[in-house]
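J.: Attaching a predicted model along with its sequence, questions to come.
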Amino acid sequence: MENKTRVRFAPSPTGELHVGNARTALFNWMFARHEGGRFILRIEDTDESRSDSAYQTSLLEDLKWLGLTWDEGPDIGGDYGPYRQSERLDLYEAHLKKLVDADLVYPCYCTEDELEEERQTLILAKRMPRYLGKCRNLGAGEREALAASGRKPSYRFKVPQTTIEFHDLIRGPMRFEGEAMGDFIIVRSNGMPAYNFAVVIDDHRMSVTHVIRGEDHLSNTALQIMLYRAFGFEEPTFAHHCLILGRDHAKLGKRHGSVSVGEFRRQGFLPEALVNYLGLLGSSFAGGREILSRDEMIEAFSLSRASKSGAVFDEDKLRWLNAAYIRNAATDNLLRRLEPFLRAAGYRPETLDTAWLTNVLETVKGELTTLAEIGDHIDLFFDERYSLSKEAERLLASPGAREVIGAFDEYLQRGEGDPGDIYAAAIRHAKEKSGVRGRDLFMPVRAALTGKLKGPELDRIFVALGVDSVRKRLAQVKKTLSI
């Protein structure tokens, strides 16, 4: 028998998917999978001035890239559709009529300027900004006159002067006083439903059992519970997780750097690393583990371990996780993912020998933090891109380095056989002839072979380059430095 647990993620297509919203999607997805329930994707696109179909497309692509697959949604349908709010307008209109007939709402003719003036007056008086009910008790004649003047009304819900209480699965008992809230808009003057109105109808009609979202929706929950009770609907269970913060402990925004899934995707982060990191933010797993598979995260997920305090987004920690995932990834799988980044770096993967490229990737993947860095790490394997950095040139100019390079090259001129064996023998020869060891032995060789002072293990670089390429580079170094 199917579990009745049903959760939803309901983004608005007004921009790229923010990592904070992605974490909300992840929490809902993990909860549904942990409980054996259903994960629903609903698009809240009633804000016509800001919604964009291109953003809707990118939202779906980013969620799929993250691997957060849904069981019902705008692209796959389901028994509770349609799954775009713009296709549910008749439903909202019918529910508005129910509230009008029950005298639970009223038309409001206040303009934006009038509402802003009222708001500023309350702020100056050090009172909580809220609608004071100017249009609540208008007579029929007054309403007719305002309508005749060309004003189109919005509809406001009559907030009862009662206490709204509910139990939050993360925050515990919550309490809001109705007298502190103004009558709120449920349908705008353009006929479009407001967020709190539409979401209550949709969540009820879609049989949503649990609403898991950010703490910035706590005050909305009180308003929504009023509507649930006005309609006689059963209320879902609520859980409000903490927000993601920047290093300054303010809500994470563009001033903090990359904040969208698309940005991290373009920078070459792996989806499994980003999902792992978002799962750790504001939550915890048994044993303090930090690297977990999706299945392990699903099995261990619990709202009871979700933090009430804000979670600081640490991009350095994300980069550390991403590097670990790259390092541990199967090379053939990683090679496929690297293709667009190789092209961006000016390479044509289809023209490169697959076995050779696989060997190169095995050599450098431990150096990568993101996939987008691949160009900086494989250029040393292409003779046409080889050049000495200023640091490498300065190191090689010293007498000790010159002696090491001369001895290393001396052996290469006569060495034959397996490249790995040749490298080991050439190092031994350089060590014996120069009398140096450790850093003083290996750094000159690294600088000469790669033109850099840092990089992967030298023996692997030597094998990937091949003896002929190494000989050419040493000849160039000797010519440049007159060795």
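T.: Perfect, I can see it now. Residues are numbered from 1 along each chain as shown.
J.: Surely Tyr155 forms part of a strand?
T.: Yes: the assignment for Tyr155 is a strand, going by DSSP: H, G, I helix; E, B strand; the rest coil.
J.: Now do it: how many residues are near it, please.
T.: Neighbour count for Tyr155, taken as other Cβ atoms under 10 Å: 22. All C-beta atoms are positioned from the backbone trio N, CA, C, and that covers glycine.
J.: residues contacting the spatially closest residue to it that is not a sequence neighbour?
T.: Spatial nearest neighbour of Tyr155, excluding adjacent residues (Cβ to Cβ, 6 or more residues apart in numbering): Val187 at 4.3 Å. For Val187, the contacting residues are Tyr92, Leu96, Ser154, Tyr155, Pro193, Ala194, Phe197, by Cβ atoms under 8 Å, 6 or more residues apart in numbering.
J.: Please look at the fifth one and Asp202 and confirm they touch.
T.: Okay, so that is Pro193. No: look at Pro193 against Asp202 with Cβ atoms under 8 Å: they stay out of range, at 9.5 Å.
J.: between the two, which one's more packed in?
T.: Pro193 (26 against 22).
J.: Quick check: beta-bridge partners of that one?
T.: Val187 (DSSP bridges).
J.: got a list of what it touches?
T.: Thr46, Gln85, Leu89, Tyr92, Leu96, Ile186, Val187, Ile201.
J.: can you check Glu296 too?
T.: Phe285, Arg289.
J.: can you tell me the helix or strand for it?
T.: helix 294-300 (DSSP states H and E).
J.: Parallel or antiparallel, list what pairs with the following helix or strand past that helix.
T.: The first helix or strand that comes after helix 294-300 along the chain, using DSSP H and E, is strand 311-312. Here strand 311-312 has these sheet partners by DSSP bridges: strand 244-245 (parallel).
J.: what about Leu318, distance to Leu278?
T.: 9 Å (Cβ to Cβ, to the nearest Å).
J.: do Arg337 as well
T.: 19 Å.
J.: okay, the two: which has more neighbours?
T.: Ranked by neighbour count (other Cβ under 10 Å), Arg337 and Leu278 place Leu278 first, with 25 against 14.
J.: I'd guessed that one sits against Leu26; true?
T.: Yes: contact status for Leu278 versus Leu26: in contact at 5.3 Å, counting by Cβ under 8 Å.
J.: Could you tell me which residues touch both of those two?
T.: By Cβ under 8 Å, 6+ apart, no residue touches both Leu278 and Leu26.
J.: re earlier: shared neighbours of Pro193 and Asp202, which are they?
T.: When contacts are counted by Cβ under 8 Å, 6+ apart, Pro193 and Asp202 have Gln85 as shared neighbours.
J.: quick one: the helices in the stretch 1-150 of the chain?
T.: Here the stretch 1-150 of the chain has its helices, by DSSP state H, counting those that start in this stretch, at 19-35, 53-66, 89-101, 112-124, 140-148.
J.: Out of these, which gets nearest to Ala430?
T.: Ranking the helices of the stretch 1-150 of the chain by proximity to Ala430 (Cβ to Cβ) places helix 53-66 first, at 48.2 Å.
J.: what helices or strands is the closest one leaning on?
T.: The elements that helix 53-66 packs onto, with contact taken as 3 or more Cβ pairs under 8 Å, 6 or more residues apart in numbering; DSSP states H and E, are helix 19-35, helix 261-266, helix 271-280.
J.: So what angle separates the directions of it and helix 271-280?
T.: Interaxial angle, helix 53-66 versus helix 271-280 (axes from the mean of the first three to the mean of the last three Cα atoms, to 10 degrees): 90 degrees.
J.: pLDDT of helix 53-66, averaged?
T.: Computed over helix 53-66, the mean pLDDT rounds to 95.
J.: Report the inter-axis angle for it versus helix 19-35.
T.: 50 degrees.
J.: So which bits of helix 53-66 are buried?
T.: Tyr55, Gln56, Ser58, Leu59, Leu60, Asp62, Leu63, Trp65, Leu66 (16 or more other Cβ atoms under 10 Å).
J.: From the chain's centroid, how far away is that helix?
T.: 12 Å (Cα atoms, centre = their mean, to the nearest Å).
J.: cool, and stretch 129-137?
T.: Using Cα atoms, centre = their mean, the offset of stretch 129-137 from its chain centre is 40 Å.
J.: and the chain, what are its domains?
T.: The chain breaks down into these domains under automatic domain parsing: 6-85+245-312, 88-241, 329-383, 386-481.
J.: And the strands in the protein?
T.: Along the chain, counting by DSSP state E, strands occupy 6-9, 38-41, 105-108, 154-157, 163-168, 172-177, 184-187, 210-214, 237-241, 244-245, 311-312.
J.: Make TSV from the ones you listed and add distance to Asn220 and mean pLDDT to it.
T.: Shown next, in TSV, are those (distance: least, Cβ to Cβ, whole Å; pLDDT from 0 to 100):
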stretch	distance to Asn220	mean pLDDT
strand 6-9	15	98
strand 38-41	19	98
strand 105-108	18	97
strand 154-157	13	97
strand 163-168	11	96
strand 172-177	10	94
strand 184-187	10	97
strand 210-214	9	97
strand 237-241	10	97
strand 244-245	19	92
strand 311-312	21	90
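J.: So what does the nearest residue to Leu371 once chain neighbours are set aside have for phi and psi?
T.: Distance criterion Cβ to Cβ, 6+ apart; nearest residue to Leu371, sequence neighbours excluded, is Gly268 at 3.1 Å. Geometry field for Gly268 lists phi and psi as phi 90, psi 30, criterion degrees, to the nearest 10.
J.: where's Gly268 relative to His240, distance?
T.: From Gly268 over to His240 (counting by Cβ to Cβ), the distance is 33 Å.
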